[in-house]
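S.K.: Sharing a sequence plus its predicted fold:
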Amino acid sequence: MRKAIVVLLLGYLSGSVMYANIFGAIFGVRERYAESPDRNPGAANAYKYGGFWCGTLTLIFELLKGALPVYFALRLTPALSQQALPFVLAAPVLGHILPIFNRFRGGKGIAVTFGVLLGLFPYMKPLLLFAGVFIFLSVCVRISPHYYRTIAAYIVTAVIMPLSRAGGWVSFAFLLIAAMVCVRMALSREDKERMEVKVLWMR
């Protein structure tokens, strides 16, 4: 029980480090995030306002802050119960959404979600499934704007993952993450434009 609490706390604290703010400050663009429609301290705005290097460094560290706590937790604490494992994956995402180091004003958690799934390496099925759904909804059945596409990607993946035999605790972990991200998206201050759906062969 004590090990589980420590692992969860470390995962949450890792997620709470807002690398968009750190690299935004280094590149002198942190204040410009407030000008964006969603005011989100994440990788997308780091690219938009800070350029290639600011965005790329932010993205890499956002992925790592999700991947490393999960990767090491699964290997250094193999005695963790399956009941605790879903929360191990969810902790870095919660930290990103409600970061203690940024007065609980966080981002949407998309890059961190990919990070925690990457932390399951060498088991890549959940990561590839989530990425595949995102690509499908971006290319084949294009949902726009990105706000609705993101919500749809999380919901569709949460439904498909148990059917893909990805593992019960992994599926439950993604369901927790999807719920947190969707609530965060729903509470976002960005202007929500009308949703449009276009299929590839109708363009």
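M.R.: Sure thing, it's come through. None of these values were measured; they are calculated from a predicted model. Numbers count the residues shown, from 1 in each chain.
S.K.: lowest confidence element among the helices and strands of this protein?
M.R.: The least trusted helix or strand in the chain, going by mean pLDDT, DSSP states H and E, turns out to be strand 196-199, with a mean of 76.
S.K.: May I ask you to name the longest helix in this protein?
M.R.: Longest helix of the chain, by residue count under DSSP state H: helix 43-76.
S.K.: now for that helix, which elements pack on it?
M.R.: If you count contacts as 3 or more C-beta pairs under 8 Å, 6 or more residues apart in numbering; DSSP states H and E, helix 43-76 packs onto helix 2-15, helix 19-26, helix 85-97, helix 110-118. Where C-beta positions appear, they are placed from N, C-alpha and C, glycine not excepted.
S.K.: Would you mind giving those helices as JSON lines with mean neighbour count added?
M.R.: Output for these, formatted as JSON lines (neighbours: other C-beta atoms under 10 Å):
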{"stretch": "helix 2-15", "mean neighbour count": "18"}
{"stretch": "helix 19-26", "mean neighbour count": "20"}
{"stretch": "helix 85-97", "mean neighbour count": "26"}
{"stretch": "helix 110-118", "mean neighbour count": "26"}
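S.K.: hmm, back to that, give the pairing partners of the least confident helix or strand of the chain; include direction for each.
M.R.: Using DSSP bridges, the strands paired with strand 196-199 are strand 141-144 (antiparallel).
S.K.: For stretch 70-89, buried residues please.
M.R.: Neighbour counts over stretch 70-89 (16 or more other C-beta atoms under 10 Å) mark Val70, Tyr71, Ala73, Leu74, Leu80, Ala84, Leu85, Pro86, Phe87, Val88, Leu89 as buried.
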